[in-house]
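J.: Predicted structure and sequence below. I'll ask about it afterward.
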Amino acid sequence: MPLPFDGVSILDRAQSRSGSSEADTLKGVGERARRAEELGYSRFWVAEHHGVPGIAGAAPAVLAAAIASRTTTIRIGTGGIMLPNHQPLVVAEQAATLAALSDNRFDLGVGRSLGFTQAVRAALRTGKEGADRFEEDVAELLAFLSGGASVTARPQDGGRTPVFVLATGQGVDIAARAGLAVVLGGPALFRDPNPALERYRASFRPSRWWHRPHVVVSLNVAVAGTTAGARQLLEPEARALAVSRTKGYFPPLEPSAAEPLGPRVEARIEALVEESLATAVYGTPDEVKRQLTDLQGRTGADELLVSGGMFDLDGQARSDELVAELSAA
């Protein structure tokens, strides 16, 4: 039996790797998208991060356009564009342009996160009020996409582009009120019962974009021949995230045997690595299938969005193949 999701997709954050250029990273994202299409994945999404040393993906609309030019059938999208950083009209124009150029294969995922540091937020001309007006910005964006605003966004989209909300905190409730699909990740996925999803489904208002609640669960997934091998694929990103929480910067991915940062710092990093891996799914194909089937049973999710940057590109490619096999079995 295949994985119990209506669709299985990939989110690539364009994380850079030590020893490789950021240009190589971006080109690699495009190549991974092409392979994902061949493997039968439903969607391939890219993300938005600014001024982060370990992430080359700063312009998701541009990167999505490049991916669209290299693919023909897979849906492409953003996971997501951060609305506090942009005017809703500009986002609507970008989305409509991408939809027109890709034969309506574009998905628009939006979020409310601010820049990684105060310096980045200042450079983006954003402040806390940007996140506070997220619901108003979503409503304005939808009006531009549907042609119901005082200004007509061109090319005209007609409300055809599917819109998703990356849910953090009150994002679930905003998605429900707007009638949009929701993307949920992190520790919230492992709560049983799940109050966020219960609220979303109970208060969902049908819209021209989605007639019924639609839940996408997003988490780091790695599949390999052994449990230890799969864990090793995820450790570089888990360590980079731990470094960001310990030292204030997110570094490029390095091999698992990265140079230690000193006993005290390493103890803290190791604890954070374990915390990160506790909300990931990894192992052999049978182990991952059991974990993902259980996750779908607990959340009732419609789709799975596989994330997780890996230093080992060959291992990442093989993991993508094995997940595709599980979804098609």
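T.: Looks like it arrived, so ask away. Numbers count the residues shown, from 1 in each chain.
J.: And for residue 313, the neighbour number?
T.: Neighbour count for residue 313, taken as other Cβ atoms under 10 Å: 13. C-beta: built from backbone N, CA, C; applies to glycine.
J.: likewise residue 119?
T.: 11.
J.: any idea which helix or strand carries it?
T.: If you go by DSSP states H and E, residue 119 is part of helix 118-123.
J.: what about stretch 168-179, average pLDDT?
T.: For stretch 168-179, the mean per-residue pLDDT is 91.
J.: ah, wrong one, I meant stretch 66-82
T.: 97.
J.: Output it as PDB, restricted to C-alpha atoms.
T.: The C-alpha trace of stretch 66-82 is given here as PDB (Å, rounded to 0.1, in the frame of the first residue of the first chain):
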ATOM      1  CA  ALA A  66      13.900  29.100 -13.200                       C
ATOM      2  CA  ILE A  67      12.400  25.800 -12.000                       C
ATOM      3  CA  ALA A  68       9.400  26.300 -14.200                       C
ATOM      4  CA  SER A  69      11.600  26.600 -17.200                       C
ATOM      5  CA  ARG A  70      13.200  23.300 -16.500                       C
ATOM      6  CA  THR A  71      10.000  21.300 -15.800                       C
ATOM      7  CA  THR A  72       6.800  20.700 -17.600                       C
ATOM      8  CA  THR A  73       4.300  18.800 -15.400                       C
ATOM      9  CA  ILE A  74       5.200  19.200 -11.700                       C
ATOM     10  CA  ARG A  75       3.500  22.000  -9.800                       C
ATOM     11  CA  ILE A  76       6.000  24.600  -8.600                       C
ATOM     12  CA  GLY A  77       5.500  27.000  -5.700                       C
ATOM     13  CA  THR A  78       6.700  29.100  -2.800                       C
ATOM     14  CA  GLY A  79       6.900  27.800   0.800                       C
ATOM     15  CA  GLY A  80       6.700  30.600   1.100                       C
ATOM     16  CA  ILE A  81       6.800  34.300   0.200                       C
ATOM     17  CA  MET A  82       6.800  36.300   3.400                       C
END
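J.: what distance separates the helix holding residue 119 from the centre of its chain?
T.: Taking Cα atoms, centre = their mean, to the nearest Å, one finds the center of helix 118-123 at 22 Å from the center of the full chain.
J.: before we move on, what about stretch 301-315?
T.: 10 Å.
J.: Kindly report the same for stretch 167-178.
T.: On Cα atoms, centre = their mean, the centre of stretch 167-178 falls 16 Å from the chain's centre.
J.: Stretch 11-26 now?
T.: 16 Å.
J.: Stretch 273-281 too?
T.: For stretch 273-281, the distance to the chain centre is 17 Å (Cα atoms, centre = their mean).
J.: Compute the first-to-last residue distance for it.
T.: 14 Å (Cα to Cα, to the nearest Å).
J.: Would you check that residue 219 makes contact with residue 187?
T.: No: at 10.1 Å, residue 219 does not count as touching residue 187 under the criterion of Cβ atoms under 8 Å.
J.: Compare neighbour counts for the two and give me the winner.
T.: residue 219 (21 against 9).
J.: hang on, that one in a strand?
T.: Yes: per DSSP: H, G, I helix; E, B strand; the rest coil, residue 219 lies within a strand segment.
J.: so what's the closest residue to it other than its chain neighbours up against?
T.: Excluding the flanking residues, the one nearest residue 219 by Cβ to Cβ, 6 or more residues apart in numbering is residue 185, at 5.6 Å. Shown in contact with residue 185 (Cβ atoms under 8 Å, 6 or more residues apart in numbering): 217, 218, 219, 305, 307.
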